[in-house]
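>>> compute the structure for the input listed below.
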Amino acid sequence: MTAARPANRRLDVLRSITIVSVSSYIEFALGLFVSVWIARALGPADFGRYAFTVWLCGWLIVCSNHALTTSSTKFIAEADGAGSTAVASHIAYRLNRVQHVSTATVMLLFLLVLLVARPTEWHDALLPAAALVVVATVSKANYAMWVAIAKGQERFETEAIATVLAGIIGVGLVISATLANAGLLAFVGIFTISCLLLNLINRIAYRHYCQPFTDGPVPDDLQRRLTRHLKLTATLILIMSFKAGTIEVFLLNTFATSTAVGFFAIAGTLTKGAVQLFSVGLTTTLLPYMAKSFGERGHAHTVHFLGEATRFYWAVGLMIAGLGLVTTPDIVTLMYGHRYADAIPAIEAMLVLAGLLLIGNGIAAYQTVVDRQDDRIRIAVISLCLNAALGILLVPALGLLGAVLTYAATRLSELVLSIFYLRKATTGGLPVAAMARLFGVGAVATAVAWAVTASIPSLWAFLLGGAVFVGIFVPASVLVRYWGDDDFRLLASIANRFGAPGRIVMRGLNSLHGQGANT
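You can find the predicted model right below:
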């Protein structure tokens, strides 16, 4: 019975990852299509203004929700893992009510700031643009809150349905606006409509899949932990809202050009897309499942959970970094055209960084679950100071290159500090030896694939280069014994569902696994 329970849990996790991943792939494809279409329709300068407006909405959403989404998912999942479903419902009700007050406060402050500082990106359309930003922010912030509550209940269908349906409608609206030769404000309006649709569709899906939340008492000890977690996480997220490209975008917008902002935005979009494409399933499900594991079985099992997540993150991150170097130049030229060729170095650098630093997601989830948000605040404060200092020093002088260097140094400092504080909290969690072996595999696969791509005079050579990378990386990862016996048992249970083809694949992988054991 005890052996079956972990296996069932792993299959439950896999099912959730599959739901999230499939919907995210569709969302990524639709979002990338929209981004490319708008970039081509508006041109580099106006696309930079559009990117600034979307970035502003994202920043306001972070300020509106601050700790509420993370705390909702964590404490609802933890209470559910401890068998207190009624308490989980009461937590959801309280935090959702706080979210309304928080969003209203942020929007009021935003409108007051607009009376003093008028963004030049909106030209003579200040009031319509401001109204669209307010509606988009309120809609998407509340959508994110309901998604977080659903994740705490281990229900990932609501977000999947909303993103896919809203994305399809958004594509239709963008095509229509382009055919009508619409301008910048029309595309901002389409973004706002998409945010409204996300909220509406998600609410309908929530009522079908999830448990309603109601007002009620929360035990005093849990309420004290929740209050502390909210304060620390709110501080953390508000500090982090000034990082992750925020300072770079502001400085580029002030000291460089709208075109540079657009290039940096494209780099961010493609990097985020690549991370979502490869890891969004694990990232989305990690926090609720880790929190539930913490509620059920305590700290030791949470550390084991972190070790497993880190192995998957490192493998996925090396694939993002390697494929990013191999495929980016041709993909960007094909999608955006030669007008955006100057963005390629920035995109390559950010893709490599995103891949190598992906393991930080697992460490952050662990620190959140075991109530070590104070460590995350220390990390955020130090890296924010570094981010601001480097940004002021580099961006006015170097423009886009300075923004990329600032972003890189900040992200690297975050990872180093995260590992330092993780080592202070626990001795486990990072399989360093296995990670080093796989890094060597990734370096060889990247070098060979890059050489193949460079030797073929075609914009479609990246397809063969990508296939070569995967063809080397995946079998070699098995050969160097990166994957454990539990991983192969899970793969075998999945492969059996595909009949003869699945069993053939597993025989090949088991053969490589056996060769790795002999070496």
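
>>> residues touching the strand or helix carrying Gln367, excluding its own?
Following DSSP states H and E, one finds Gln367 within helix 360-369. Defining contact as Cβ atoms under 8 Å, 6 or more residues apart in numbering, one finds that helix 360-369 is touched by 70, 74, 78, 233, 279, 283, 286-287, 290-291, 294, 302-303, 305-306, 309-310, 313, 372-373, 375-376, 414-415, 418-419, 421-422, 425, 429. The C-beta positions use only the backbone N, C-alpha and C, and glycine is treated the same way.

>>> ok, His208 - contacts?
Counted by Cβ under 8 Å, 6+ apart, His208 has zero contacts.

>>> show me where the stretch 251-400 of the chain has its helices.
For the stretch 251-400 of the chain, applying DSSP state H, counting those that start in this stretch gives helices covering 258-297, 299-336, 344-356, 360-369, 373-398, 400-425.

>>> out of these, the one nearest His90 is which?
His90 lies closest to helix 258-297 among the helices of the stretch 251-400 of the chain, at 15.9 Å (Cβ to Cβ).

>>> before we move on, back to that, CA-only coordinates of the helix holding Gln367, as CSV, when you get a sec.
Extracted in CSV, the C-alpha atoms of helix 360-369 (Å, rounded to 0.1, in the frame of the first residue of the first chain):
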residue,chain,number,x,y,z
GLY,A,360,16.1,28.7,-8.8
ASN,A,361,12.3,28.0,-9.3
GLY,A,362,12.6,24.9,-7.2
ILE,A,363,14.6,26.5,-4.4
ALA,A,364,12.1,29.4,-4.3
ALA,A,365,9.2,27.0,-4.0
TYR,A,366,11.0,25.1,-1.2
GLN,A,367,11.7,28.3,0.8
THR,A,368,8.0,29.4,0.4
VAL,A,369,6.6,26.1,1.6
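
>>> can I get the helices of the stretch 251-400 of the chain in CSV with distance to Ala45?
What follows is the helices of the stretch 251-400 of the chain, written out as CSV (distance: least, Cβ to Cβ, whole Å):
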stretch, distance to Ala45
helix 258-297, 5
helix 299-336, 14
helix 344-356, 17
helix 360-369, 34
helix 373-398, 19
helix 400-425, 14
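
>>> looking at these, which is closest to Ala461?
helix 299-336 (6.4 Å).

>>> show me what that closest one is packed up against.
In terms of contact count using 3 or more Cβ pairs under 8 Å, 6 or more residues apart in numbering; DSSP states H and E, helix 299-336 is assigned the packing partners helix 4-65, helix 258-297, helix 344-356, helix 360-369, helix 432-454, helix 461-479.

>>> identify each buried residue in that helix, please.
302-303, 305-333, 335-336 (16 or more other Cβ atoms under 10 Å).

>>> kindly report the same for stretch 404-420.
404-411, 413-415, 417-419.

>>> export those to TSV and tack on pLDDT?
TSV is the format used below for the buried residues of stretch 404-420 (pLDDT from 0 to 100):
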residue	pLDDT
Val404	87
Leu405	90
Thr406	90
Tyr407	86
Ala408	87
Ala409	89
Thr410	88
Arg411	85
Ser413	89
Glu414	86
Leu415	88
Leu417	90
Ser418	87
Ile419	86
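
>>> out of these, who's nearest Leu464?
So of the buried residues of stretch 404-420, ranked by how close each gets to Leu464 (Cβ to Cβ), first place is Val404, at 28.3 Å.
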